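Q: Here is my input; please provide its structure:
(one chain, ligands or ions: 1)
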Amino acid sequence: MVASAVVARPAIAQAIPHVVVIGGGFAGATVARLIKRLLGSDVAVTLVETNRIFTACPFSNGVIAGMRDIAAQQFTYDKIAADGVVGAPGTANLVDTQARTIAVGDGTRLRYDRLVLAPGIDIRWDALPGYDEAAAETMPHAWKAGQQTLLLRAQLEAMEDGGLVVISAPANPFRCPPGPYERASLIAHYLKTRKPKSKLIVLDAKDQFSKQRLFQNAWKELYPGLLEWVSLSNGGKVTSVDPSTNTLITDFDRHQAKVANVIPPQKAGRITELAGVADKSGWCPIDPVTFESKLQPNIHVLGDATIAGAMPKSAFTANAQAKVCAAAIAKLVRGEKPDEPKLINTCYSLVAPDYGIHVAGVYHPVNGVLNEIEGSGGVSKVDAPAATRAMEATFADAWFNTITSEVFG
Ligand SMILES: Cc1cc2nc3c(=O)[nH]c(=O)nc-3n(C[C@H](O)[C@H](O)[C@H](O)COP(=O)(O)OP(=O)(O)OC[C@H]3O[C@@H](n4cnc5c(N)ncnc54)[C@H](O)[C@@H]3O)c2cc1C
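A: The predicted structure is shown next:
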């Protein structure tokens, strides 16, 4: 990088505050757009994003199972730019908290008054012996949507009927707690309908998981003998992998898979480490009213990267947090006190194309953390009829269309 790179700032009067947002996913794209809407010409907002096209993870399990095209997951930043947010394409690779500047890969430097980090997750490449970036090319994680999603899809398509598919699910916390089980369900649906002699094993580093009873009841009903879940207590934790033979190793067994989907341990996106806002856990402690970092002033952190108490790492959560943060930043810029928020999350999962389930909760700050408001949440009824499951599948679809059109449309 060129040390003397220009300190770029939008062509505006010096007095106007500049908010820089790093990461244009569900949290970052939302917060950038809303701050601009709330403060108009009283603020300059720049969005730094690596990719020119965003590929969404929610519903990407449907792509893996052959139910939808990857194009249905992809969105541009055109509408966000049309709202007055300045795009800075590239990867931010430096945050200087003293000078309040960040640097983008091409050497561009941007000065900020407030910085919002919404980088999502990174894989912990050092956490699972045998699993590195090269291994992910044969044993895809598909936990960031795009090329990895298509790779896993292609492997399933290429597999002969009768093959063994193995998914390994990580310990908490990780992006999208119900995600591995939705994936297992939809892959099972694909195998049942297209390759019925095949088998799917889920090796889990946990004994409990989100919407567990609903998933397990549905598996018994829809995929008996096809989908097997192995809990931590039953030796499900994968301790290493061997990509040369597509083998997942636990304390008790070796599973040689035809298709291996390794969902590895994760951490907040790397830029949070560089900014000094991630703690030893790899995630970022935040003030639950403003989402300002507890470790660095004037830097806010949103979405999957945060330690958000009881709120799960979901796109719904990321979007809700971004709305609260945008309102708080607007107040702070005006010298006003931010309001105490209440945040909602709803996570839909598909167990089959016409079988949806959900979990929902409402959260508020209590003693510096986000707690679930007692009695606010709930899950789909265990004994709901097929018509309700089918309706929930349409709700899931409607949710995806609504959130993506709100964030990118
Ligand atoms: C298989 C799967 C299914 C899921 N299903 C659901 C679901 O049904 N419902 C739901 O609510 N959630 C779901 N999720 C979870 C959801 O995808 C995430 O919680 C959500 O994307 C988090 O939003 P975010 O803004 O924090 O991160 P992201 O949406 O990942 O956005 C982060 C962005 O930051 C960019 N970035 C990172 N670092 C930099 C940098 N240094 N410089 C520039 N840009 C950078 C990245 O390119 C990316 O675009 C699912 C996840 C998976 C994996």
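
Q: Any idea how far apart the tips of stretch 169-180 sit?
A: End-to-end distance for stretch 169-180: 6 Å, by CA to CA, to the nearest Å.

Q: What ranges does the stretch 301-409 of the chain have for its helices?
A: 315-333, 386-408 (DSSP state H, counting those that start in this stretch).

Q: in the first one, what counts as buried?
A: Across helix 315-333, burial judged by 16 or more other CB atoms under 10 Å covers 315-330, 332-333. (C-beta placed from N, C-alpha, C; glycine too.)

Q: so what's K79 scoring on pLDDT?
A: On pLDDT, K79 comes in at 98.

Q: Show me the shaky parts of the chain.
A: 1-14 (pLDDT under 70).

Q: how about the helices in it?
A: For the chain, the helices defined by DSSP state H occupy 26-39, 60-64, 78-82, 147-158, 179-194, 212-222, 271-274, 315-333, 386-408.

Q: Any residues of the chain in contact with the ligand? List them.
A: Taking CB under 6 Å from any ligand atom as the criterion, the chain approaches the ligand at residues 22-28, 48-51, 54, 57-58, 60-61, 91-92, 118-120, 143, 175-176, 179, 183, 269, 271, 303-304, 313-316, 318, 347-348.

Q: how many neighbours does the closest residue to the ligand within the stretch 51-200 of the chain have?
A: Closest approach between the stretch 51-200 of the chain and the ligand, counting by CB to the nearest ligand atom: G120, at 2.7 Å. Applying other CB atoms under 10 Å, we find 23 residues neighbouring G120.

Q: Check D42 too.
A: 13.

Q: got the angle between the biggest strand by length in the chain and helix 315-333?
A: Scanning the chain for the longest strand, with DSSP state E as the assignment, gives strand 355-366. Orientation check (axes from the mean of the first three to the mean of the last three CA atoms, to 10 degrees): strand 355-366 against helix 315-333 gives 30 degrees.

Q: Report all helices and strands that strand 355-366 contacts.
A: helix 212-222, strand 343-352, strand 369-372, strand 378-379, helix 386-408 (3 or more CB pairs under 8 Å, 6 or more residues apart in numbering; DSSP states H and E).

Q: For the ones you listed, give me TSV that also has distance to D204 and mean neighbour count.
A: Conversion of the helices and strands packed on strand 355-366 to TSV gives the following (distance: least, CB to CB, whole Å; neighbours: other CB atoms under 10 Å):
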stretch	distance to D204	mean neighbour count
helix 212-222	10	16
strand 343-352	16	23
strand 369-372	24	18
strand 378-379	19	14
helix 386-408	23	16
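
Q: now these as a markdown table including distance to G163?
A: Shown next, in a markdown table, are those (distance: least, CB to CB, whole Å):
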| stretch | distance to G163 |
| --- | --- |
| helix 212-222 | 19 |
| strand 343-352 | 21 |
| strand 369-372 | 41 |
| strand 378-379 | 33 |
| helix 386-408 | 27 |
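
Q: In contact with the nearest residue to D132 once chain neighbours are set aside: list those residues for me.
A: Closest residue to D132 apart from its sequence neighbours, by CB to CB, 6 or more residues apart in numbering: W125 at 5.3 Å. Going by CB atoms under 8 Å, 6 or more residues apart in numbering, W125 touches Y131, D132, E133, P264.
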